[in-house]
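Engineer: need coordinates for the below:
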Amino acid sequence: MEVEQSRATGWVAWVLFGGILLVLLGTVHLCVGLLALLRPEILAGTRADQLLPVSLTALAWLHLVLGAAAVVTGVGLIRGLRWARVIAIVLGCLTALVNFAFHHAHPVWSVLAVVLAALVVYSVAAHGGEVADAYGS
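Structural biologist: Residues are numbered from 1 along each chain as shown. Below you'll find the predicted structure:
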């Protein structure tokens with residue numbers, strides 16, 4: 001019996017890390033969105049409410065939609081699906097741009113988020129197919 005060797009590199013761990021981060025961050029966004037819809041008095045008057053000139057209900061629905069998309073994309077990325085890799089790259093680039101734009105408010109967090117986004121985007125773009133190969137698809 002012949003044993004097959006995996007062609008996967010260590011970058012696959014970064015792809016899986018990106019998928020796990022998307023699931024976790026999507027869950028947080030879903031919780032914040034539900035909180036804003038069900039108990040808006042808790043979030044009324046917070047920084048998010050003051051930064052964007054939109055209603056709290058609109059922000060709640062934005063959090064719910066983005067959260068659901070992130071969870072679904074994260075699961076797809078962990079499974080090695082091509083569409084999830086494309087969406088993960090777009091979300092990673094968007095995250096890097098947003099964090100770069102707000103680096104004056106949170107410099108340490110923004111730099112860390114941009115570096116992590118860059119690592120995940122590179123790993124997904126260059127090595128995302130290795131995850132799919134591991135599943136045999």
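Engineer: drop to CA atoms for contacts and neighbour counts, all remaining ones
Structural biologist: OK.
Engineer: which residue sits closest to the residue nearest the centre of the chain, ignoring its sequence neighbours?
Structural biologist: Centroid-nearest residue in the chain, with Cα atoms, centre = their mean: Leu22, separated by 3.5 Å. Distance criterion Cα to Cα, 6 or more residues apart in numbering; nearest residue to Leu22, sequence neighbours excluded, is Gly74 at 4.8 Å.
Engineer: lowest average confidence, helix or strand, in this protein?
Structural biologist: helix 47-51 (a mean of 53; mean pLDDT, DSSP states H and E).
Engineer: and whichever strand or helix holds Trp109, which residues are buried?
Structural biologist: Secondary structure assignment for Trp109, by DSSP states H and E: helix 107-135. Within helix 107-135, the residues that qualify as buried are 110-111, 113-114, 116-124, 127-132, counting by 16 or more other Cα atoms under 10 Å.
Engineer: which strands or helices does it pack on?
Structural biologist: Other elements packing on helix 107-135 under the criterion 3 or more Cα pairs under 8 Å, 6 or more residues apart in numbering; DSSP states H and E are helix 11-38, helix 56-79, helix 82-101.
Engineer: list the buried residues in the first one.
Structural biologist: Read that as helix 11-38. Here helix 11-38 shows 11-12, 14-34, 36-37 as buried, counting by 16+ other Cα under 10 Å.
Engineer: what of the shortest one?
Structural biologist: For helix 82-101, burial by neighbour count (16+ other Cα under 10 Å) applies to 84-89, 91-93, 95-96, 99-100.
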